[in-house]
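In: fold the following.
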Amino acid sequence: MSNHHQVLIIGGGSAGLSVASRLRDLDDPLDVGIIEPSEDHYYQPIWTLVGGGVFDKEISRREEAEFIPDGAEWIQEAASEFQPEENAVVTDAGNRYTYDYLVVAAGIQLNWDQVKGLAGNVGSHGIASNYSYETVDSTWDALRHFKQGNAVFTFPNTAIKCAGAPQKIMWLADHWMRKQGIRDQSNVVYAAATGGIFGVETYARPLSKLVEERDIETHYSVDLVEIVPEEKKAIFEQIEGGDQLVIDYEMIHVTPPQGPPDFIKESPIANEDGWVDVDKYTTQHVEYPNIFSLGDCSSLPTSKTGAAVRKEVPVTVENLLSEMRGDALGAKYNGYASCPLVTGYGRLILCEFDYDGNPDESFPFDQAQERYSMYALKKYGLPEMYWNGMLRGRM
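Out: Numbering: from 1, shown residues only. Modelled structure (predicted):
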């Protein structure tokens, strides 16, 4: 195993593997090392449908080794310290690896303990979450045993993976209750730290109409701060003012607070908020030109989704190669993000937009309308594109 690499990549998730595959697929492949401790790789977007009972969670898991590109060196350790002045990274095993260029794609950290009463209780007392492989079964278990009362769905006052996911499972739950004939005995509650149902007006309008049509109770600008499991009470605080709102529940789907990984937050490459500090168009670090970052751990002010990563990857690779040649960085990322927003079984609104909230759509029809074709794309098409295209550096 080499302690020095031409390009060292931190993270073997969607961003790290996609970048590595492209760098190894060049006519003159680069020397690439990937620091990633996990033996398993997960296609996380499918967890919405797992939580809704459509798939078993095993469909989301494959072996990491299957996607390490030929010729790249897999360093099965976890990064713990950055030494950018010395072009080095230290791992939890105490090993030090140096690089000519560094790509940081370490994902996002789930902070379950930031909500009092949450950690250790997911899967009991009606508490569920789609946000990890270990907990995603809890959602379907809670939903299929639900008979009446409040079903609450939360969105925290932090950045999160896939900002549409907290409401996707809500729409599936509403549809499930209607199919079971228990919706009249049920109250679906969406309690979110956001100011509305969606941040892009083009899609907020039809979603707001669905909220009204499907009788969803909404509470905006509130943040879940505590769960009292034995009493099945959820305690929220108003974002402004701090007044408390207490909601009783029979089922609660919690989106945990999230943030930059601790080893990044405490490092010299992070901005004041803890994210890797990069230019939002080039993905190059603002201080260290031989460092690039993309995906969830970067400071790119866009949605933290695999769809965003798919557009960030070619920009990062092109600019990295330009930096290596000493050329000006010409590739620009426009903030593209996509949210295949499931609004029920067989229903989906495909939201695609840029940094400015302008629609940046892929299809020649009104994507703000619910369509089965887009639901089929999420259910069948996108997973195949991910496993066989994106991770292989082909799209």
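
In: give me the distance between the most centrally placed residue in the chain and Ser373.
Out: By C-alpha atoms, centre = their mean, the chain has its centre lying nearest to Lys161, at 2.5 Å. Lys161 sits 25 Å away from Ser373, taking C-beta to C-beta, to the nearest Å as the criterion. (C-beta placed from N, C-alpha, C; glycine too.)

In: do Met170 as well
Out: 22 Å.

In: next: Ile75.
Out: From Ile75 over to Ser373 the distance is 42 Å, taken as C-beta to C-beta.

In: wasn't Lys179 part of a strand?
Out: No. Assessed with DSSP: H, G, I helix; E, B strand; the rest coil, Lys179 is helix; it does not lie in a strand.

In: excluding chain neighbours, what is closest to it?
Out: The spatially closest residue to Lys179, leaving aside those adjacent along the chain, is Tyr345, at 7.8 Å (C-beta to C-beta, 6 or more residues apart in numbering).

In: so who does that neighbour touch?
Out: The contact partners of Tyr345, taken as C-beta atoms under 8 Å, 6 or more residues apart in numbering, are Gly52, Val54, Leu172, His175, Trp176, Lys179, Tyr375.

In: now the strands for the stretch 201-350 of the chain?
Out: In the stretch 201-350 of the chain, the segments counted as strands under DSSP state E, counting those that start in this stretch are 217-220, 222-228, 233-238, 244-248, 251-253, 258-259, 291-293, 337-344, 347-353.

In: longest helix of this protein?
Out: helix 306-325 (DSSP state H).

In: name the helices or strands packed onto that one?
Out: In terms of contacts (3 or more C-beta pairs under 8 Å, 6 or more residues apart in numbering; DSSP states H and E), helix 306-325 is packed against helix 14-24, strand 96-104, strand 291-293, strand 337-344.

In: in it, what counts as buried?
Out: Buried positions in helix 306-325, judged by neighbour count with 16 or more other C-beta atoms under 10 Å: 306-323.

In: quick one on the thing from earlier: nearest to Thr283, of the contacts of Tyr345?
Out: Tyr375 (31.6 Å; C-beta to C-beta).

In: which residue ranges form the helices in the stretch 101-250 of the chain?
Out: 136-144, 165-180, 201-213 (DSSP state H, counting those that start in this stretch).

In: quick check: Ala142 touching Gly126?
Out: Yes. Between Ala142 and Gly126 there is a contact at 5.8 Å, judged by C-beta atoms under 8 Å.

In: skipping adjacent residues, who's closest to Ile197 in space?
Out: Spatial nearest neighbour of Ile197, chain neighbours left out: Leu207 (4.6 Å); criterion: C-beta to C-beta, 6+ apart.
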